[in-house]
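K.L.:
Fold the following, please.
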Amino acid sequence: MRIDDCLKRLVSSIQASLQSIPPTRSLLRFATPRGSILGTNGCAKLLTVNVKFCFRCTSGTLLTLFLLPIVLASPLLAHPQSTEEVHAGAENTTEKSKLNVYTKNLRADVDLVLVPVTVTDSLNRPVIDLEKDNFRIYENDNQQTIRSFSKEDAPISVGLILDYSLSMNNKFEAERAAVAEFFKNANPADDYFAIAFSDRPKLIADSTQSLADLEDKLALAMPAGNTALLDAIYLGIDKMRFARYERRALLVISDGGDNHSYYNTRETKKLVEESDVLLYSIGIFDNMPVPVFKTIEEKLGKRLLTELTDLTGGRTIAADNRDKIPEIAATVSRELRQQYVLAYKSDRDLHDGKWRKIKVQVEASGEAQPLHVHYKRGYIAPAE
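P.N.:
Below you'll find the model as predicted:
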């Protein structure tokens, strides 16, 4: 049945119902806005019928009842789509799906590769009097030309990863002393934050708070719970995405045991290897004469920390003697600011997204003792 016929029947039905009401007590008003009647071309989409029915009660009160708009035609009936429109809509949807699936994140592509290098002597003291000519740098065994060389003491962004777990119960005073000594040797302009972890990691301080606030929190803290070390490192690396300075480092103070992390060792190694964050650690290990009383995590703690820090160009310093922990913390703090930064342009322009191995050698004349060179072992080349 055509919609025009339906409309005529509706009007006739309403008029017939009103014939039984005296003319003085009823009023029917039927309105069809201009342009809303369906024509033969099917262009109108909606027909609204407003019916206003008024009647006077014996008390003389005038009541008005508004009926809701009646939709006489759906959009599909009022405006049928052509086959071309349906196909065009499907093509647009498909194109949008392709964009959602294949759009990739952007990766920064830089010309220079920056390699922070730390040099220490046989007594673990930083060597800070070397020059550009003392260094040789290789990528995949091919010597590279050093384009830039610096050794200035500039502010850095540093994050402290502090172990609050139960395994640190007899080492917590040493951890507090290490934090205090570390900041005594820091640059006042440094950007810093601190993450504490036991069952899970938690941000406890950042640069918006004073160092006194952090020390107060450490004084009130009580070691308890499991050890989610790897999760804390993950959180620290993520936090470094918002760091203020280009030079970035994490310092872990822990016994190295992990028994409660969501992330595993393989995932964490991949993360630190691909990041531009130096990782140092002060390992506060138990020097028990009988190692059988140590847990598996504690036995493997030193190796885990060493493997992670070596991947970034940092290092793990074992503190078997608790009395030396403040001195070690001061050394790490100074070492982070007394690094050499070598910059070179790779002789391989291929953007293949593959791992490229780096090797740094130091040739220092007049040095009687052997020097130890710490640097990141490689990087991932930009991909097209």
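K.L.:
rest of the way, CA atoms for contacts and neighbours
P.N.:
Will do.
K.L.:
Count the neighbours of residue 352 for me.
P.N.:
Around residue 352 there are 11 other residues, counting by other C-alpha atoms under 10 Å.
K.L.:
Report the separation between it and residue 191.
P.N.:
Remark: distance between residue 352 and residue 191 (C-alpha to C-alpha, to the nearest Å) = 34 Å.
K.L.:
Also residue 199?
P.N.:
27 Å.
K.L.:
And the helices in the stretch 51-200 of the chain?
P.N.:
For the stretch 51-200 of the chain, helices defined by DSSP state H, counting those that start in this stretch occupy the ranges 75-78, 83-102, 172-184.
K.L.:
Could you identify which of those has the lowest mean pLDDT?
P.N.:
Among these, helix 83-102 carries the lowest mean pLDDT, a mean of 36.
K.L.:
shaky segments in the stretch 101-250 of the chain?
P.N.:
101-110 (pLDDT under 70).
K.L.:
out of everything not next to it in sequence, what's closest to residue 146?
P.N.:
Nearest residue to residue 146, sequence neighbours excluded (C-alpha to C-alpha, 6 or more residues apart in numbering): residue 344, at 4.8 Å.
K.L.:
Also residue 189?
P.N.:
The shortest distance from residue 189 to any non-neighbouring residue, by C-alpha to C-alpha, 6+ apart, is to residue 155 (5.7 Å).
K.L.:
cool, and residue 269?
P.N.:
Closest to residue 269 by C-alpha to C-alpha, 6+ apart is residue 308, at 6.1 Å.
K.L.:
Secondary structure class of that neighbour, three-state.
P.N.:
At residue 308, secondary structure determined by DSSP: H, G, I helix; E, B strand; the rest coil is helix.
K.L.:
What is the neighbour count of it?
P.N.:
Counted with other C-alpha under 10 Å, residues neighbouring residue 308 total 26.
K.L.:
same deal with residue 338?
P.N.:
Residue 338 - counted by other C-alpha under 10 Å - has 21 other residues nearby.
K.L.:
same question, residue 265
P.N.:
15.
K.L.:
Over to the one 5 residues further on?
P.N.:
Neighbouring residues of residue 270 were enumerated by other C-alpha under 10 Å; the total is 12.
K.L.:
what helix or strand does it sit in?
P.N.:
Element membership for residue 270, per DSSP states H and E: helix 265-274.
K.L.:
With residue 202 instead?
P.N.:
Assigned by DSSP H and E, residue 202 falls within strand 201-206.
K.L.:
Using CSV, write down the CA coordinates of that strand.
P.N.:
Taking Å, rounded to 0.1, in the frame of the first residue of the first chain, the C-alpha atoms of strand 201-206 are listed here in CSV:
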residue,chain,number,x,y,z
PRO,A,201,56.4,-1.2,41.8
LYS,A,202,55.1,2.2,42.9
LEU,A,203,56.3,5.8,42.1
ILE,A,204,57.1,7.4,45.5
ALA,A,205,58.9,10.6,44.5
ASP,A,206,59.9,12.9,41.6
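K.L.:
What is the helix or strand just after that strand packed up against?
P.N.:
Where DSSP H and E defines the elements, the next helix or strand beyond strand 201-206 is helix 211-220. Contact here means 3 or more C-alpha pairs under 8 Å, 6 or more residues apart in numbering; DSSP states H and E; on that basis helix 211-220 packs against helix 172-184, strand 201-206.
K.L.:
So for residue 285, which of these sits nearest?
P.N.:
Nearest of those to residue 285, taken as C-alpha to C-alpha: helix 172-184 at 11.1 Å.
K.L.:
which residues touch the closest one?
P.N.:
Helix 172-184 has contacts (C-alpha atoms under 8 Å, 6 or more residues apart in numbering) with 162, 164, 215, 218-219, 223, 253, 322, 325-330, 332-333.
K.L.:
Near residue 242, how many other residues are there?
P.N.:
Around residue 242 sit 9 other residues, with neighbours defined as other C-alpha under 10 Å.
K.L.:
how close does it sit to residue 157?
P.N.:
From residue 242 to residue 157 the distance is 10 Å (C-alpha to C-alpha).
K.L.:
how does this protein divide into domains?
P.N.:
Annotated domains of the chain cover 3-99, 112-150+342-380, 157-337 [automatic domain parsing].
K.L.:
that older thread, buried by neighbour count, from the contacts of helix 172-184: which ones?
P.N.:
162, 164, 215, 218, 223, 253, 322, 325-330, 332-333 (16 or more other C-alpha atoms under 10 Å).
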